[in-house]
Every structure is written in structure tokens, then in C-alpha cells.
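> coordinates for the following, if possible.
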Amino acid sequence: MTARPAARGGAVAATSLVVLGLACQEVGAAIAVILFPTVGPLGMVSLRLVFSAVILLAIARPRLRGRSGADWLTVAGFGLVLALMNALFYLSLERIPLGAAVTIEVLGPLALSVITGRRASSWLWAGLAAIGVVLLGQGSFGHLDPIGVVFAAGAGATWAGYILLSARTGQRFPRFEGLALAMAVGAVAVLPFGIASSGAVLLRPEVLGLGAAVAILSSTIPYALELIALRRLRAGAFAVLMSLAPAIATLTGLVLLGQHFTWVGGLAVALVIAASVGAVRQAQAPPAPPAPAG
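Numbers count the residues shown, from 1 in each chain. This next block holds a predicted model:
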């Protein structure tokens, strides 16, 4: 009699952890936007990835010996995609509001879910998301810079690649080892661009401190909370909760950055979230049995 309420309470706590992790991630993005006038988006990406790599390497302490060439190619590809995804996302934040950028970015994983779903009904969710995107372009977040939209869409496409390479890396490296090494590869890849765009400003103590804060809020805390939550939460429920990112990003942009939106913008975000949730739930549903012959 007491097991079920306890399990329900554990699920509620795990759900709260996932939502808290998403909120931390978007607050980190908002701090990054505030720093753009000082370090620019590429400088900010460099700080985030460098600090994230240092923290993850210290936690995971990955084993380097005994790895195959395929292992290193996988983690290197994962790291480069991770770096490109973050760079494109931050470049989009320089031009369009946080809520709009995250809503467009989510279309990448949504498209991957629809394509791999292999069901005609999957295109219903794609159409719902397309309506949301059209509404986004109707001035619901103000004028959306076309280049910013392209950057956000590119971030979404690389996010889909990130998901695929993350799964492959997880098969070859235990726990956080693959992610830590990939983060290091990404940091090394993007750092020259950050130095070229920002120079010695990156070494100012206050900039380093805020860069570390962004890394902790955007990477370390969310990863830790998600790891704890997944012990009590089904993977399907976790994926659905992650679909709330556009709503949380929109509210964060409003509260911390003063990025206002109309009711049409709210509807656009809601449609994309609904499409994402629908695609995730459908992907987890067992295929219908074939109709009997004759």
C-alpha cells in the first residue's frame, strides 16, 4: 500500500529535478547573452566548453589507454558536433530571442524522431511543428533576424547529430568518460575562434568567473540532475519533459532579458512542444500488429 505513493513521490521529485535542470540551462544561456557585448558568442562558447571540459574531466577521469581508432574517431566526431552545435546556438542568440532560438533548435531532434518513427502519422507532428514555426515568423517575438533563424536551425540539425553520436559514444565509453573527452575535443576546436574574436578579454577575472558560472549552469548542474532523475524516471517520461525547453527558455528570456512575446508567440511555442511530445510518445509506442491475411 505504501510502495505506490512512495514511487509516485519519487517520480514527482525526479520530474522537479529535470525541470530545475532545464531552468538552470536557460539561465546559463541568459547570462551568456548578457556577456555577448564583452566577449561575443564565440568567446562565450569557448569559455563554456573549456570550463565544462575541465569539470567533466576531473569528475570522469577517463581512461585513455587501450582505446581503438574507432573509439577515438567516434569521440572526436562527437566533440566537433558538440562544438558546432553550441557555436551555432550562441550565434543565434546574438540575433534572435532565447525562446525563439530554443523553439527552432528543438525542431532538429523532432525531425529526427519523425524520420526514424517510420509511420505516416509521424508527419502529423511535423505539420504541427511547421505551423508553430510559421507563427514564430509572424512577429510574435518581434522581427526575427533571418541569419539568426538559420543559425538556430543549424544548431537544431547538429543537435540531431549530437543525439546520434552521443548514443554511439555511450556504447564505447562508460559513464561520463566519452562526454568528458568529447567536451575536451570541442573546447580545443572552438578555442582558437574564441581567442581570435575576443582576445585577452577572455582572461579578465570577472569574465572567467561568469564563464565558469555559465558552464556550471548550462552543463554540470543539468547533467547531474538528469543523471539523478533518470534513476527514478522512465526514459520516455524524461524525453517528454525535455520537450518543455522552449517554454522555459521563453519565460527565462522574458524575466532575465526582457524579451517580450505576443500570445501568438506563446501559441507557436505550445504547438512545437505538443509536436515534440507527440513524436516522442509515438516513437515509444509498440508498432501495431499486422492485419491477418485473408
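
> hey, let's count contacts and neighbours off CA atoms from now on
Fine.

> which residues does stretch 270-278 contact?
103, 106-107, 110, 125-126, 128-133, 239-240, 243-244, 246-247 (C-alpha atoms under 8 Å, 6 or more residues apart in numbering).

> can you select the buried ones from those in PyMOL?
Buried residues within the contacts of stretch 270-278, by 16 or more other C-alpha atoms under 10 Å, are selected in PyMOL with:
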select buried, resi 103+106+107+110+125+126+128+129+130+132+133+240+243+244+246+247
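
> out of the contacts of stretch 270-278, which are inside strands?
Among these, no member falls in strands (DSSP state E).

> middle-most residue in this structure, spatially?
By C-alpha atoms, centre = their mean, the chain has its centre lying nearest to W159, at 7.0 Å.

> for that residue, helix, strand, or coil?
At W159 the chain is in helix, as set by DSSP: H, G, I helix; E, B strand; the rest coil.

> any stretches of the stretch 151-294 of the chain with poor pLDDT?
Filtered on pLDDT under 70, the stretch 151-294 of the chain yields the residue ranges 235-239, 279-294.

> next, the distance between the ends of stretch 191-204.
16 Å (C-alpha to C-alpha, to the nearest Å).

> which helix runs longest in the protein?
Assignment by DSSP state H gives helix 3-60 as the longest helix of the chain.

> next SSE after it?
Reading on from helix 3-60 to the C-terminus, the next helix or strand found by DSSP states H and E is helix 69-93.

> only the buried residues of that next one, if you could.
Neighbour count says helix 69-93 has 71-72, 74-93 buried, by 16+ other C-alpha under 10 Å.

> and the helices in the stretch 101-250 of the chain?
Counting by DSSP state H, counting those that start in this stretch, residue ranges of the helices within the stretch 101-250 of the chain are 107-117, 122-136, 146-172, 177-198, 205-215, 221-229, 235-242, 245-257.

> possible to save those helices as CSV with distance to G278?
Shown next, in CSV, are the helices of the stretch 101-250 of the chain (distance: least, C-alpha to C-alpha, whole Å):
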stretch, distance to G278
helix 107-117, 10
helix 122-136, 7
helix 146-172, 17
helix 177-198, 28
helix 205-215, 31
helix 221-229, 21
helix 235-242, 9
helix 245-257, 15
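
> I'd like to know which of those lies nearest to A60.
Closest approach to A60 among those (C-alpha to C-alpha): helix 177-198, 5.4 Å.

> so how far is that closest one from its chain's centroid?
17 Å (C-alpha atoms, centre = their mean, to the nearest Å).

> same check on stretch 222-234?
Relative to the chain's own centre, stretch 222-234 is displaced by 15 Å; criterion: C-alpha atoms, centre = their mean.

> same check, this time on stretch 143-162
12 Å.

> list the contacts of that stretch.
78, 81-82, 84-89, 91-96, 101-102, 104-109, 112, 137.

> and stretch 17-26, by the same measure?
Stretch 17-26 is contacted from outside by 217-219, 221-223, 225-226, 228-229, 238, 241-242, 245, 248-249, 252, using C-alpha under 8 Å, 6+ apart.

> how far does it sit from the chain's center?
With C-alpha atoms, centre = their mean as the basis, stretch 17-26 stands 11 Å off its chain's centre.

> and for stretch 176-194?
Centre-to-centre, stretch 176-194 and its host chain are 16 Å apart (C-alpha atoms, centre = their mean).

> repeat that for stretch 158-173.
Centre-to-centre, stretch 158-173 and its host chain are 13 Å apart (C-alpha atoms, centre = their mean).

> residues of that stretch that come out buried?
Buried residues in stretch 158-173, counted by 16+ other C-alpha under 10 Å: T158, W159, A160, G161, Y162, I163, L165, S166, R168, T169, R172, F173.
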